[in-house]
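> I'd like to go over a predicted model; first the sequence, then the structure.
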Amino acid sequence: MSNGNISRYCFAPLKSLIVALGILLGVLNVSGQTHYNSNIAVGLKGGMDFSEVFFNPHVKQKFQPGVTAGVMIRYIEENHFGLIGELNFAQRGWKENFEEDPFNFSKDLDFIDLCFLAHIFFGRRGRFFFNAGPQVGYYLGEHLHANFNPEDMGTIPGFPNVNRINRQMLEPIKIKVDYGISAGMGGEFNINRRNSICVECRFYFGLANIFSTKRADYFNASNQMSLSATIGYWFRIK
């Protein structure tokens, strides 16, 4: 797959999301005629991340579970629309799929993420919502889990070195700043006027690579992807 095809593959979902979000915001702006009192809320959230890395050439993987947690602030000025800022810790990474072979390898990549999200919601006592926006992350470190030494793959009896890509297990993380697009949906349930609980399922696609992708490098792409499921608590301060 050429670099041009990779770029089109990565940016096609982003372009579609931006167009759809713009149309929806336009409809809400035209239809939102009633007065709405603005409010500000702060919150906490936590949950699980299930991640892979989009490698080119392709690498067989399974979803790698990790934890995510963070703090949130939300500003709502218009009926049906607001803005959310989040500062999160997230574990992403990947898990090798060795199929029937008795080998295990996974790598957790720790990131601190800053998210800016458009928040579109419907309902009053209970809300259905859609969040979408850019995300920027900084790489903190990694944790390797394996039942073999990756440095000795060539000498391990029975190790699948033929017809399988193993280079990624030895590649260092070269690019520490990650950025991409997040989009998710969920529900919010009011406890009382100031307190509420929310649940959300969110997808993230990184537009940066974790490995070097220069002409002389092995991988043409190494983009992070994750699906998170979280539960959060909001406290309205205004």
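Arrived safely.

> Read off the pLDDT value for the residue sitting nearest the centre point of the chain.
Residue closest to the mean C-alpha point of the chain, counted by Cα atoms, centre = their mean, is Tyr204 at 2.8 Å. At Tyr204, the pLDDT value in this model is 98.

> Quick check: it vs Ile237, distance?
Using Cβ to Cβ, to the nearest Å, we find Tyr204 at a distance of 28 Å from Ile237. All C-beta spots, glycine's among them, are computed from the backbone N, C-alpha and C.

> And Val53, by the same measure?
39 Å.

> For stretch 162-174, give the mean pLDDT please.
Here the average pLDDT along stretch 162-174 is 91.

> and if you look at stretch 60-67?
On average, stretch 60-67 scores 95.

> what about it, start to end distance?
Start-to-end span of stretch 60-67 (Cα to Cα, to the nearest Å) is 22 Å.

> what does stretch 185-200 give?
Stretch 185-200 end-to-end distance (Cα to Cα) = 6 Å.

> can you give me how far it is from the chain middle?
Distance, stretch centre to chain centre, for stretch 185-200: 22 Å (Cα atoms, centre = their mean, to the nearest Å).

> now the strands for this protein?
Taking DSSP state E as the criterion, the chain contains strands spanning 39-56, 61-62, 64-78, 81-96, 105-122, 126-146, 177-190, 195-206, 221-236.

> ok, what's across the strand from His145?
His145 forms beta bridges with Ser106, as assigned by DSSP bridges.

> check contacts around it.
Asn104, Phe105, Ser106, Lys107, Asp108 (Cβ atoms under 8 Å, 6 or more residues apart in numbering).

> re earlier: make JSON lines from the strands of the chain and add distance to Ile165 to it.
JSON lines is the format used below for those (distance: least, Cβ to Cβ, whole Å):
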{"stretch": "strand 39-56", "distance to Ile165": "8"}
{"stretch": "strand 61-62", "distance to Ile165": "11"}
{"stretch": "strand 64-78", "distance to Ile165": "17"}
{"stretch": "strand 81-96", "distance to Ile165": "10"}
{"stretch": "strand 105-122", "distance to Ile165": "12"}
{"stretch": "strand 126-146", "distance to Ile165": "16"}
{"stretch": "strand 177-190", "distance to Ile165": "22"}
{"stretch": "strand 195-206", "distance to Ile165": "20"}
{"stretch": "strand 221-236", "distance to Ile165": "12"}
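
> Those: which one's closest to Glu171?
strand 221-236 (7.9 Å; Cβ to Cβ).

> any idea of the mean pLDDT for that closest one?
97.

> One more: stretch 106-116?
The model assigns stretch 106-116 a mean pLDDT of 97.

> Buried ones only from the contacts of His145, please, as a ChimeraX command.
In ChimeraX, this line selects whichever of these come out buried by 16 or more other Cβ atoms under 10 Å:
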select :105,106,107,108
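
> Name the nearest of the contacts of His145 relative to Tyr75.
Of the contacts of His145, the one sitting nearest to Tyr75 (Cβ to Cβ) turns out to be Asp108, at 33.1 Å.

> so that closest one touches Trp94, yeah?
No - the pair Asp108 / Trp94 is not scored as a contact, 9.4 Å apart, by Cβ atoms under 8 Å.

> Which residues are in contact with each of these two?
Gln64.

> ok, Asp178 - contacts?
Asp178 touches Phe111, Val136, Gly137, Tyr138, Tyr139, Gly206, Ala208, Ile210, Gln224, counting by Cβ under 8 Å, 6+ apart.

> what about the residue nearest to Ser226 when sequence neighbours are not counted, how many neighbours?
Once flanking residues are discounted, Ser226 sits nearest to Ser51: 3.8 Å by Cβ to Cβ, 6 or more residues apart in numbering. Neighbour count for Ser51, taken as other Cβ atoms under 10 Å: 25.
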